[in-house]
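Undergrad: pasted the sequence and its predicted model underneath.
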Amino acid sequence: MTGPSVATAPRPNPAFAGWLAHLLPPGLGRDDRALFRDFAVLGGALFAITSIAYAWTIDWRGAIPRDGTTLAVGRDFLNFWMYGRAAVSADPGRFYDLAAYHQAIRDLLGMELSGQNWSYPPSVMWLAAPFGQLNYLAALACWTLIGVATFVAVGRRHVADWRILIPVLLSPAALFCLISGQSAFLTTAMMMAIFALLDRRPVFAGVLIGLLTIKPQLGILFPFMLIASGRWRVFLAAAVTTLALIGVTAAMFGPQVWIDFVSKGLPVQGLVLSDPDRIATPFYPTIFMNLRGLDLSAAAAMSVQLAFSAFAIGAAIWAFRFRKDADPPLLLALFLACSATASPYLLAYDLLPLTFAAVTLLAGSNLDAPGRRLVQLVYWTPALQLALGTWHLPGPALIAPFFVAFLLLRLRASPRPAPA
C-alpha cells in the first residue's frame with residue numbers, strides 16, 4: 001500500500017545557487033545576504049525584462065529611432081546632445097524658448113518631438129560639446145559607456161568589495177538612468193569622490209561640488225553641510241568654481257545665455273511641476289509631486305514640500321555639526337536622503353546616488369530589521385513611484401524622509417567623539 005505523497009518545495013538549482021553566491025559580497029549576515037540576493041535576482045529580472053520589452057518597441061525608422069511612447073531613444077540625452085550642438089552655434093540661449101527649440105529639432109531631424117525641453121544651466125554645454133559633434137546614436141553609446149565605466153571605476157575604490165556594485169547597477173534607478181540617457185552614473189561617481197575627499201583633498205572636493213551645479217537639484221544641501229561642519233576650504237573652493245563656471249560660460253557664449261536660462265529655462269521647470277494634467281507624476285518621487293498627483297494645488301503642495309525641506313535641512317545641519325566624524329557611509333546616506341527629501345524637482349534616476357549609499361550601508365551588516373526594510377524601500381522607490389504615480393497615488397516620496405529619521409536616530413545613539 002502506497003502512503004500519501006507529501007509535496008515538497010523544489011530545491012534550488014545548485015549550479016545557479018553557486019553562481020549567485022559568487023556574486024554576493026562575503027561576510028554578510030544571513031538577513032543582509034538574503035536581501036542582497038533579492039536585489040540581485042529581482043533587480044536583475046526587472047532590468048532584463050524591461051530592457052527586452054523596451055527594445056522590442058523601438059521604431060528604427062527616421063533620423064533618430066523612437067520608442068513605443070514616440071520619444072527619442074535616449075530620451076533626455078537628445079536635449080544634452082542638442083546642448084552640445086548649440087555650443088558651437090550662434091546664440092545658443094535661443095533654445096531656452098520652447099517654440100524655438102522644437103522648431104530647431106524639426107529642422108534638424110524632420111521629426112516632431114514636442115516633449116523635449118532645455119532645463120539645464122548653460123554651463124552644461126562645456127560637458128555636452130564633444131558629444132554634440134558626433135552622430136546621435138554614437139554619442140549616446142559613448143555617453144552611456146563613459147557613465148557606467150566611471151561609476152564602476154570610482155565605485156570600486158570606495159567599497160570594500162566590488163560585488164556591492166552589482167545590485168546598484170541592476171537597480172530601478174540605474175534602469176531609469178539608462179533608458180533616459182541621463183547623467184546619474186556620473187553624478188553618483190562625483191558624490192562618492194566628494195565625500196571621500198572632503199578632508200583629504202578639500203580643494204578638489206570643492207571643485208567637484210562646483211561642477212555638480214550642472215545638476216543643481218542634487219547639491220542644494222552642500223552649502224548647509226559645509227557650513228555646519230566648518231569645512232570652509234571646501235566651501236570656498238566650491239563657491240569659486242561655481243562663479244568661475246558662470247563667468248567662463250558667459251565669456252564664451254555671451255551673458256545673454258544666462259539671462260535666457262533664468263527668464264525662459266527656469267519657468268519651463270515650473271510648468272512641469274504645476275502641469276494641471278499631472279503627466280509627470282510617475283517620474284518624480286518628491287513630496288511636492290506626490291501631492292500634486294492628488295490634485296492638490298501647486299501652492300498647497302509646495303507649502304507641505306517646504307516643511308519637509310526644512311526638516312531635511314535641519315537634519316543635515318545637526319548631523320554635520322554634531323556628528324561629522326561618524327561612520328562615513330552613514331553620513332553619506334543621510335546627506336543623500338536629506339537631499340531627496342528637500343528637493344521638489346527630482347526624478348527617479350536622480351535616486352541612484354541614494355541607492356548606492358543605501359546598498360553600501362547594508363553591506364556594512366550593521367542594520368537592524370527596520371533599517372533593512374528601509375533600504376529595501378529606497379532601492380525600489382523608482383519602481384514604486386512609477387507604479388503608484390501612474391494612478392496618481394502618493395506614498396513613495398515618504399520613503400526618503402523616513403530613512404532620514406531612521407539615520408538620525410542611529411547617529412543620535414552613536415557616541416560623540418571626544419574633543420581634541
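TA: Perfect, I can see it now.

Undergrad: now do the longest helix along the chain, average pLDDT.
TA: Secondary structure assigned by DSSP state H gives helix 30-56 as the longest helix of the chain. Taken as a whole, helix 30-56 carries a mean pLDDT of 96.

Undergrad: please apply the same query to stretch 255-273.
TA: 90.

Undergrad: quick one: residues contacting Phe204.
TA: 197, 237 (CB atoms under 8 Å, 6 or more residues apart in numbering). For every residue, glycine as well, the C-beta is placed using N, CA and C.

Undergrad: how does it look with 7 Å?
TA: Leu197 (CB atoms under 7 Å, 6 or more residues apart in numbering).

Undergrad: before we move on, what about Leu330?
TA: 361, 407, 410-411.

Undergrad: also Ile399?
TA: With CB under 7 Å, 6+ apart, Ile399 has these contacts: 377-378, 381.

Undergrad: just give me the closest of those to Ile317.
TA: Ile317 has its nearest neighbour among these in Val378, at 22.0 Å by CB to CB.

Undergrad: make sure the closest one is indeed in a helix.
TA: Yes. Judged by DSSP: H, G, I helix; E, B strand; the rest coil, Val378 forms part of a helix.

Undergrad: pretty sure it sits against Leu352.
TA: No. With contact defined as CB atoms under 7 Å, Val378 does not reach Leu352; the gap is 11.1 Å.

Undergrad: show me the shaky parts of the chain.
TA: 1-20, 415-420 (pLDDT under 70).

Undergrad: distance of the one residue sitting closest to the centre of it from Ile259?
TA: The chain has Asp350 as the residue nearest its centroid, 1.7 Å off, counting by CA atoms, centre = their mean. Going from Asp350 to Ile259 by CB to CB, to the nearest Å gives 27 Å.

Undergrad: what does Asp325 give?
TA: On the measure of CB to CB, Asp325 and Ile259 end up 44 Å apart.

Undergrad: burial of Leu35, as a residue count?
TA: 21 (other CB atoms under 10 Å).

Undergrad: revised request: answer the last question for Pro285.
TA: For Pro285, using other CB under 10 Å, the count is 27.

Undergrad: hang on, isn't it packed against Val378?
TA: No. Using CB under 7 Å, Pro285 is not in contact with Val378; the gap is 10.2 Å.

Undergrad: rewinding a little: quick one: which of the contacts of Leu330 is nearest Thr188?
TA: Leu361 (14.7 Å).

Undergrad: distance check, the closest one against Ala141.
TA: 33 Å.

Undergrad: now, the contacts of Leu330 that are in helices?
TA: Using DSSP H, these in helices are 361, 407, 410-411.

Undergrad: before we move on, back to that, isn't the residue nearest to the centre of the chain right up against Ala184?
TA: Yes. In this structure Asp350 lies within contact range of Ala184 using CB under 7 Å: 6.3 Å.

Undergrad: now Ala363. Nearest residue, chain neighbours left out?
TA: Of all residues not flanking Ala363 in the chain, Ile164 sits nearest, at 4.8 Å (CB to CB, 6 or more residues apart in numbering).

Undergrad: and what of Thr249?
TA: Ser123 (4.7 Å).

Undergrad: phi, psi for that neighbour please.
TA: phi -60, psi -20 (degrees, to the nearest 10).

Undergrad: show me what contacts it?
TA: 213-214, 245-246, 249.

Undergrad: all helices of the stretch 201-350 of the chain, in order?
TA: In the stretch 201-350 of the chain, helices defined by DSSP state H, counting those that start in this stretch lie at 202-211, 222-229, 232-253, 256-260, 266-274, 287-293, 298-322, 328-342, listed in chain order.

Undergrad: buried sites along the third one?
TA: Residues of helix 232-253 classed as buried by neighbour count (16 or more other CB atoms under 10 Å): 233-235, 237-238, 241-242, 245-246, 249-250, 253.

Undergrad: rebuild the residues you listed as JSON lines, extending it with distance to Leu331.
TA: Below are the buried residues of helix 232-253 laid out as JSON lines (distance: CB to CB, whole Å):
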{"residue": "Arg233", "distance to Leu331": "18"}
{"residue": "Val234", "distance to Leu331": "14"}
{"residue": "Phe235", "distance to Leu331": "17"}
{"residue": "Ala237", "distance to Leu331": "20"}
{"residue": "Ala238", "distance to Leu331": "18"}
{"residue": "Thr241", "distance to Leu331": "22"}
{"residue": "Thr242", "distance to Leu331": "23"}
{"residue": "Leu245", "distance to Leu331": "27"}
{"residue": "Ile246", "distance to Leu331": "29"}
{"residue": "Thr249", "distance to Leu331": "32"}
{"residue": "Ala250", "distance to Leu331": "35"}
{"residue": "Phe253", "distance to Leu331": "37"}
